[in-house]
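K.L.:
Just a sequence and a predicted model for now, questions to come.
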Amino acid sequence: MMPITILVGALGGDGGGVLCDWIVAAAQSQGLAVQATQIPGVAQRTGATTYYLEVMPAPAAGPSVLALNPAIGEVDVALATELLEAGRMIFNGFITPDRTTLIASTHRVLAIGERMAMGDGSFDVGRLLRAVKERSKQQVLFDMDQAAEESGGVINAVLLGALAGSGRLPIPDAAFEAAIRHGGKAVDTNLAAFAFGRGHARGELAQVVREHRKRQAAAQGLEDLLARARRSYPAPALDVIEEGMRRLTAYQHRWYAEWYLNRLDTVHALGSTELLRETARHLAVRMSFEDVIRVAQAKTSSERLARVRAEVRAKDGEPIEITEHFKPGIEEIAAILPPTWAKRLLAWGERSGRTGKTYFSMHLRSTTVFGFLRLRLVAGLQSYRPNTYRFAEEQAEIDRWLEQIRTAGRTNVGLAREIAECARLIKGYGDTYKRGLANYRRITAAVIEPALARRMTPRAAVDAVAGARVAALVDPEGETLSKTLASIAAAVPSLRHAAE
């Protein structure tokens, strides 16, 4: 009789150790031999850690011999609290299409390398999902982080419920629930999260989820806009567009999501679904640009406090202190002022030489009443945001970018896609944002504008924009981009003569 092998990939704060304790306790309550091993990993994000368990499928007459470490190709069930952790297990060969049931959350927590990239350095989720479906025998996939939030629990309890719902272990639901009760921590919320995960795995919550999303759309006033999107846009682009609408409604208001659709209509008229999808993705990100208002909203969200408590493993009722560090400069302060005032402040900063040199260091404890209220005051400026200098500047930049896409798309859809992808350069806040925007403007002046003026052949134009964009992501100093732009400029005359 061979044991059932279970591999768990979790991040620090996800409760991987508690998850293993629950599985062990449930197995032992049924008289099953079980062993668990914790394999500490490198603290890449919040401390990736691997856990390995072996459970006998039935009570054994004598002692059982169980392994301490997983073997490549010999894992029956793989659990991952985040999608890239599932990808890591696939890459290492533990998950196989002839044996492994993969139970994973589809949400992402960006790795250090993804966060440090000058552009959008996030791993291709589509590629990850394809690998998951191709390299595992069965899959149970859904956003467990969102499920934990909706149920009021923690992701490890959702994952335990999904494991129970998969039917891969000879352990009844009651045994898992008893293990949670025996643990004695946040019992009610963990049981709710367990039931949520179990229902997802068994397909019992599909209608519940649809109804929840319908209520969410109604609460945001998005029902008519979602209906408009479903009537107007092709199915392959709808998931991105609908998510963009929800993001922008939360960022600003319903009218902002409607503006998003109005802008997309002009791109949809070009007739390329792929171009529409990519533009929709980048447009939603650009329209929800990072500013001090958004930062304050994120720092005062209830979800963030719960996440921090989980990461530091605070016990129920145990107080924690969070100190927020801010260092705004003249440009960041000007960003939230009315345009007239902002221009005067920026002009003064340039004249006095203080721009880029003078910063105002602030430290706020967001876990105190006074500190939290100060942050909420800034977050409450959401309705005021459209009156700020930064908002006006961002919308003007977005309109120029969209006009470039439309101009290119009328004759060269490939060039339009590359121009849309250049939005990857513009991200973040403060110096990161300024570097990305400066690189984008350099590419616009040196490559995009000549390409739109047809000073290059269509194929050369596509390659030039793509090459410049990739070069801009290589180093923060911009040396690679400078060399690439110089080589493109040197080639333009010959390309023009060739075209003639």
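P.N.:
That came through, no problem.
K.L.:
tally of neighbours for R198?
P.N.:
When neighbours are defined as other Cβ atoms under 10 Å, R198 has 22 of them. The C-beta positions use only the backbone N, C-alpha and C, and glycine is treated the same way.
K.L.:
Isn't it up against G165?
P.N.:
Yes: using Cβ atoms under 8 Å, R198 makes contact with G165 at a distance of 4.0 Å.
K.L.:
Tell me, how many residues neighbour the nearest residue to I39 once chain neighbours are set aside?
P.N.:
Using Cβ to Cβ, 6 or more residues apart in numbering and skipping the chain neighbours, the partner closest in space to I39 is T50 (4.2 Å). Other residues near T50 come to 21 when the count uses other Cβ under 10 Å.
K.L.:
Which pLDDT value goes with T50?
P.N.:
pLDDT, T50: 85.
K.L.:
any idea how far the residue nearest to E82 when sequence neighbours are not counted is from S302?
P.N.:
Using Cβ to Cβ, 6+ apart and skipping the chain neighbours, the partner closest in space to E82 is V109 (5.1 Å). Using Cβ to Cβ, to the nearest Å, we find V109 at a distance of 18 Å from S302.
K.L.:
Please apply the same query to L159.
P.N.:
Distance from L159 to S302, by Cβ to Cβ: 22 Å.
K.L.:
So which of the two has more stuff around it?
P.N.:
Under the criterion of other Cβ under 10 Å, the comparison of L159 against S302 puts L159 first, with 31 against 8.
K.L.:
which of the residues in whatever helix or strand the more buried one lives in are buried?
P.N.:
Using DSSP states H and E, L159 sits within helix 155-166. Neighbour-count burial for helix 155-166 flags I155, N156, A157, V158, L159, L160, G161, A162, L163, A164, G165, S166 (criterion: 16 or more other Cβ atoms under 10 Å).
K.L.:
Just checking the distance from that helix to the centre of its chain.
P.N.:
22 Å (Cα atoms, centre = their mean, to the nearest Å).
K.L.:
by contact count, what packs against it?
P.N.:
helix 16-29, strand 77-80, strand 101-105, strand 138-142, helix 144-151, helix 173-183, helix 187-201 (3 or more Cβ pairs under 8 Å, 6 or more residues apart in numbering; DSSP states H and E).
K.L.:
just to revisit the earlier point, does the residue nearest to I39 sit in a helix, a strand or a coil?
P.N.:
Put simply, T50 is strand when judged by DSSP: H, G, I helix; E, B strand; the rest coil.
K.L.:
any idea how far P338 is from the residue nearest the centre of the chain?
P.N.:
Geometric centre of the chain, nearest residue: R108, 5.0 Å, by Cα atoms, centre = their mean. Per Cβ to Cβ, R108 is found 37 Å from P338.
K.L.:
ok, now E421?
P.N.:
In terms of Cβ to Cβ, E421 sits 34 Å off from P338.
K.L.:
likewise E150?
P.N.:
39 Å.
K.L.:
where does the stretch 351-500 of the chain dip in pLDDT?
P.N.:
Under the criterion pLDDT under 70, the flagged ranges of the stretch 351-500 of the chain are 492-500.
K.L.:
need the contact list for the residue nearest to the centre of the chain.
P.N.:
By Cβ atoms under 8 Å, 6 or more residues apart in numbering, the contact set of R108 is E82, L83, L84, S122, F123, V125.
K.L.:
Pull out the buried residues from those.
P.N.:
E82, L83, L84.
K.L.:
Quickly note the distance from R424 to L485.
P.N.:
For R424, the distance to L485 - Cβ to Cβ - is 17 Å.
K.L.:
what do you get for R435?
P.N.:
R435 sits 16 Å away from L485, going by Cβ to Cβ.
K.L.:
And F326, by the same measure?
P.N.:
From F326 to L485 the distance is 35 Å (Cβ to Cβ).
K.L.:
how about the strands of this structure, start to end?
P.N.:
4-10, 34-40, 49-55, 77-80, 101-105, 138-142, 323-326, 362-365 (DSSP state E).
K.L.:
quick one: which of these is nearest A229?
P.N.:
strand 138-142 (22.8 Å; Cβ to Cβ).
K.L.:
Report the backbone C-alpha coordinates of the closest one in CSV.
P.N.:
Extracted in CSV, the C-alpha atoms of strand 138-142 (Å, rounded to 0.1, in the frame of the first residue of the first chain):
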residue,chain,number,x,y,z
GLN,A,138,-6.5,17.5,-12.6
GLN,A,139,-6.9,21.1,-11.5
VAL,A,140,-8.8,23.0,-8.8
LEU,A,141,-8.1,26.6,-9.6
PHE,A,142,-9.8,29.8,-8.3
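K.L.:
what about the closest residue to A186 other than its chain neighbours, neighbour count?
P.N.:
Nearest residue to A186, sequence neighbours excluded (Cβ to Cβ, 6+ apart): D316, at 6.2 Å. By the measure other Cβ under 10 Å, the count of residues near D316 is 8.
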